[in-house]
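Asks: Sequence first, then the predicted structure:
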Amino acid sequence: MPIKTFTLQLEWAEMITPNVRHLAFRTVEGEAFTFVPGQFIRIQFTTTDGHELKRSYSIATISSESDLIEFAAGYVEGGPATHFLFGLQPGDTMTASGPFGRLILKDEQPKRLILVATSTGITPYRAMLPELVARIQTHNMEIHVLEGVQYKRDVMYANDFLAAAKQQANFHFHAHLSREKETDLDDYESCGYVQTSFDTLQLNPETDIIYLCGNPNMIDNAFEDLKARNFEIKNIRREKYISN
Ligand SMILES: Cc1cc2nc3c(=O)[nH]c(=O)nc-3n(C[C@H](O)[C@H](O)[C@H](O)COP(=O)(O)OP(=O)(O)OC[C@H]3O[C@@H](n4cnc5c(N)ncnc54)[C@H](O)[C@@H]3O)c2cc1C
């Protein structure tokens, strides 16, 4: 898919957790922007002290439901892109380029696909939802989406994943709350780090393919854990959310 540079205009935005702003844009040229679910765009902006910066954001759009370009920006204290994106108002524009990235679904049929994320790292899997549901039907596979956040209030897009789980018995969604207390949890929630599901699910290098997205520490820890479980590196797909 060719990489393009284009202008995006903010259509609407809302806080979906106390720290995450979901933003929905249109291309102003009226051009269709195409991407493969799992890919990201890079935005370009000028900081308050006049520097030109770029930052990357995974596309969150569920393409069967929207023709907008949506993503979720997590709040980072003192971060320049955070300042820029949290201040954008409907009608404001910015330059972006893309699509980039290889955290996409391959043409393969593992017995189980395990999609692991921390916080906004969940967005590529949201974009994949129609394809994931279709693959369960055609490939007879099991899919587990594991979302790691700090508190119950931080869980993102639970309704989208729970709707897929309602539609397909082999689609499972679980939220891991690393700092929450054991009270008032929904049945898809539990306390602890997202990796605790690796034991519960009894991950198997013969049958499972794993995707990891989000916080670099989680990805490094999970990667070491999976290697110790004899996973081949080609069966562990990673996207680290670093500043670039
Ligand atoms: C491929 C890719 C996809 C990405 N997709 C997303 C996305 O969908 N949503 C999203 O919110 N971000 C995403 N990021 C991260 C994003 O590009 C920015 O780094 C992030 O929004 C912070 O930008 P900033 O300019 O506000 O702060 P930065 O200047 O990037 O960071 C300021 C300081 O905070 C640290 N920091 C950065 N992020 C975090 C964090 N999450 N928690 C704690 N400390 C942090 C940095 O190391 C730095 O020290 C992605 C990054 C990559 C490489």
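Replies: Perfect, thanks for sending it.
Asks: So, low pLDDT: which residues of this structure?
Replies: The chain contains residues with pLDDT under 70 at 30.
Asks: Domains in it, by residue range?
Replies: Following automatic domain parsing, one gets these domains for the chain: 4-100, 112-240.
Asks: what residues does the lengthiest helix in the chain touch?
Replies: Counting by DSSP state H, the longest helix found in the chain is helix 123-139. Residues outside helix 123-139 that contact it (C-beta atoms under 8 Å, 6 or more residues apart in numbering): 37-40, 58-64, 71-72, 103, 105, 109, 113, 115, 117, 141-143, 145, 156-157, 160-161, 164, 167-168, 170-171, 211, 213, 239. Using the backbone N, CA and C atoms, a C-beta is placed for each residue, glycine as well.
Asks: Just the ones of the residues you listed in strands?
Replies: Counting by DSSP state E, the contacts of helix 123-139 place 40, 58, 71-72, 113, 115, 117, 142-143, 145, 171, 211, 213, 239 in strands.
Asks: Contacting the ligand as well, which ones from those?
Replies: The residues of these that also fall near the ligand, by C-beta under 6 Å from any ligand atom, are F40, S58, F71, A72, E239.
Asks: Out of those, the closest to E232 would be?
Replies: E239 (18.3 Å; C-beta to C-beta).
Asks: Roughly how far does that closest one sit from E31?
Replies: Separation of E239 from E31 (C-beta to C-beta, to the nearest Å): 26 Å.
Asks: would you list the ones next to the ligand among the ones in strands among the contacts of helix 123-139 in CSV and tack on neighbour count?
Replies: Below are those laid out as CSV (neighbours: other C-beta atoms under 10 Å):
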residue, neighbour count
F40, 22
S58, 27
F71, 23
A72, 23
E239, 22
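Asks: would you list every one of the helices in this structure?
Replies: With helices called from DSSP H, the chain shows them at 80-87, 123-139, 158-167, 196-200, 216-228.
Asks: Up against the ligand, what does the chain have?
Replies: Counting by C-beta under 6 Å from any ligand atom, the chain sits next to the ligand at 40, 55-58, 71-74, 76, 79-82, 101, 120, 123, 239, 241-244.
Asks: Mind checking which of the residues you listed are buried?
Replies: Buried residues within the residues of the chain next to the ligand, counting neighbours by 16 or more other C-beta atoms under 10 Å: 40, 55-58, 71-74, 80-82, 101, 120, 123, 239, 241.
Asks: What residue in the chain comes nearest to the ligand?
Replies: G79 (2.0 Å; C-beta to the nearest ligand atom).
Asks: Could you pull up the residues touching that residue?
Replies: Here G79 is in contact with S243 (C-beta under 8 Å, 6+ apart).
Asks: One more: F171?
Replies: F171 touches L132, V133, I136, I143, V145, F161, A164, A165, counting by C-beta under 8 Å, 6+ apart.
Asks: give me the beta-bridge partners of it?
Replies: I143 (DSSP bridges).
Asks: top strand in this protein by residue count?
Replies: Of all segments of type strand in the chain, defined using DSSP E, the longest is strand 4-17.
Asks: Perfect, I'm done here.
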